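S.K.: Build the 3D model from these lines:
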Amino acid sequence: MKKIQLFLLLSLAIFASCKTTKESKIVSFKQKLQSTFPKAQIDSIEAKDHFTEAYKVVLKQNLNPKNPSEGTFDHHMYVSHTNYKSPTVLITDGYDSWNRTTELSKVFKGNQVIVEYRMYGKSRPDSIPWKYLTNDNAIEDYHSVVNKLKTVYSGKWLSSGISKGGETTLIYKAKYPNDIDVAVPYVAPLINTLEDPRTNELINSVGSDECRADIRKYQKTVLNNRKEVLALLATYAKDKKLNFTELSQEEALEYAVLEFPFSFWQWGSGKCEDVPAENASSEELFNYLVKISGFYVFSDSGYKKLLPSFYQHMRELGYYGFDLEPVKDLLKVVKSSTNSRFAPKNVDLTYNPSYIKEIRNIIETKGTNVLHIQGGNDPWGACGPTPNEGVDALKMVLKDGSHTTRIKDFSDEDQQKIYAKLQAWLGKDVKLYPLK
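M.R.: Numbers count the residues shown, from 1 in each chain. Next up is the predicted model:
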């Protein structure tokens, strides 16, 4: 009897030990994140929509991905979790980042990883080491993050970004075509030159002849009322606490006038019938300029915030040029069409014309499983890539659409076409939740 009792006690002890060992192996998602990024600071943040938990992750990212000895910078990203086997959407923000639920994440109700672009927003050192701000270095950041998280997430991967972020999505796809199953760049340009003429070609062809004529008249009228408009700008700057020391208010006014046609069509926030006439009051002229062009980007705060962007545009990405022709006889300060005025000073700004052209060639000839979303009236859309015949990609252009064009803006029929393509690329086991 004693032997039987001893056997039972030993069996219970072994069972309890096995159970304890099994339970100790249950690891939380946060613990998995910490194990995946052992040097990162990970803090809980509010989980929104379909996500069950979310975290702000601050990585110690290598300044030079190929040489860790050159130091690190704090690199911010936001990870929102729902299921280890669900699709994961990587958001390649082109600028600073914040936590939100993106459209593509809603389509799949999966996991979401938002990565801030190096040297932007909270990931910007006090003094930017410009030589490390390259597209290739940024792509290495995404490549590293994705491959580490693939040890956590076993489902399909999608990448997506908007505007410069969408361009980053395409560059990532070109550099590492097998990292991601499907790429969805929104309103993403691949710009050919420092002043890509295609943007002005679109501006000078979109809309009606009458509307474009009214825009040019408006630009002239603002500058013909320079003194009164500048007085209103001075009051506006004081009220909004905007300082203009990098650019004078007069220079900012001229740039805002030159920017007007681009912004008018880019954002779709203006209507042709609302463009102030030549007999409009100075207040009407100024208020409409604030609505369409705005002045923040030309203020000290805007100038500082966008320095990294203009550095990249002048070095590798290219940009657009201002069309001075409609108002050239009325300009007093601005004499050049280039945007180099907004780039950092005393820094090498030698432009590499081949970088984006190589990316464009890869995307147009080999860029499979890419869903291109564009707005028909968006000047940046003129620079959007067009997949070659035979490339398994889909380009959707929304008629009269702007830079804000998203999947939800398309007709039901076009949305069904989009979802069918995504389903074909990802497989029947991936569930989609069509937007309403």
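
S.K.: OK, contacts around the residue nearest the centre of the chain?
M.R.: Residue closest to the mean C-alpha point of the chain, counted by CA atoms, centre = their mean, is G165 at 2.7 Å. By CB atoms under 8 Å, 6 or more residues apart in numbering, the contact list for G165 reads 91-95, 117, 186, 188. Heads up, the C-betas are built off the backbone N, CA and C, glycines and all.

S.K.: Tell me, please, where in the protein the pLDDT is lower than the cut-off.
M.R.: Along the chain, segments meeting pLDDT under 70 span 1-25.

S.K.: which residues of it fall in strands?
M.R.: 41-45, 53-62, 72-81, 88-92, 111-115, 157-162, 182-186, 371-375, 394-398 (DSSP state E).

S.K.: which stretch among the ones you listed comes nearest P129?
M.R.: Between P129 and the strands of the chain, the tightest spacing by CB to CB is seen for strand 72-81, at 8.2 Å.

S.K.: care to break the protein down by domain?
M.R.: 29-191+354-426, 198-342 (automatic domain parsing).

S.K.: now the helices for the stretch 301-436 of the chain?
M.R.: Taking DSSP state H, counting those that start in this stretch as the test, the helices found in the stretch 301-436 of the chain are 307-312, 354-366, 412-426.

S.K.: would you list the ones you listed in a markdown table and tack on mean neighbour count and distance to S69?
M.R.: Output for those, formatted as a markdown table (neighbours: other CB atoms under 10 Å; distance: least, CB to CB, whole Å):
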| stretch | mean neighbour count | distance to S69 |
| --- | --- | --- |
| helix 307-312 | 22 | 24 |
| helix 354-366 | 18 | 26 |
| helix 412-426 | 15 | 40 |
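
S.K.: out of the ones you listed, nearest to K150?
M.R.: Of all the helices of the stretch 301-436 of the chain, helix 412-426 comes closest under CB to CB, at 15.8 Å.

S.K.: How about residues contacting that closest one?
M.R.: 87, 107, 156, 158, 181-182, 369, 371, 392, 394, 396, 407-408, 410, 430, 432, 434-435.

S.K.: Over to stretch 189-206?
M.R.: Counting by CB under 8 Å, 6+ apart, 163, 167, 170, 212, 261-262, 265, 313-314, 317-321, 323, 337-338, 340, 351, 353, 356-357, 359-360, 363, 376-377, 379-385 sit against stretch 189-206.

S.K.: hmm, 7 Å instead?
M.R.: Residues outside stretch 189-206 that contact it (CB atoms under 7 Å, 6 or more residues apart in numbering): 167, 170, 212, 261-262, 265, 314, 317-321, 323, 337-338, 351, 353, 356-357, 359-360, 363, 377, 379-380, 382-385.

S.K.: buried residues in it?
M.R.: Using 16 or more other CB atoms under 10 Å as the test for burial, stretch 189-206 gives 189-191, 193-196, 198-200, 202-203, 206.

S.K.: ok so, going back, for the strands of the chain, could you give me TSV that also reports mean neighbour count and distance to Y176?
M.R.: Shown next, in TSV, are these (neighbours: other CB under 10 Å; distance: least, CB to CB, whole Å):
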stretch	mean neighbour count	distance to Y176
strand 41-45	13	25
strand 53-62	20	17
strand 72-81	22	17
strand 88-92	27	11
strand 111-115	27	14
strand 157-162	27	10
strand 182-186	27	11
strand 371-375	25	18
strand 394-398	18	21
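
S.K.: quick one: which of those strands is nearest T245?
M.R.: Checked against CB to CB, the stretch from those lying closest is strand 72-81, at 27.9 Å.

S.K.: Dump that closest one to PDB, keeping only the CA atoms.
M.R.: The C-alpha trace of strand 72-81 is given here as PDB (Å, rounded to 0.1, in the frame of the first residue of the first chain):
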ATOM      1  CA  THR A  72      22.400  54.900 -33.100                       C
ATOM      2  CA  PHE A  73      19.400  57.100 -33.000                       C
ATOM      3  CA  ASP A  74      16.000  56.700 -31.300                       C
ATOM      4  CA  HIS A  75      13.600  55.300 -33.900                       C
ATOM      5  CA  HIS A  76       9.900  55.400 -33.100                       C
ATOM      6  CA  MET A  77       7.200  52.900 -34.300                       C
ATOM      7  CA  TYR A  78       3.700  51.900 -33.200                       C
ATOM      8  CA  VAL A  79       2.700  48.200 -33.100                       C
ATOM      9  CA  SER A  80      -1.000  47.400 -32.900                       C
ATOM     10  CA  HIS A  81      -1.800  43.700 -32.300                       C
END
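
S.K.: Much appreciated, bye for now.
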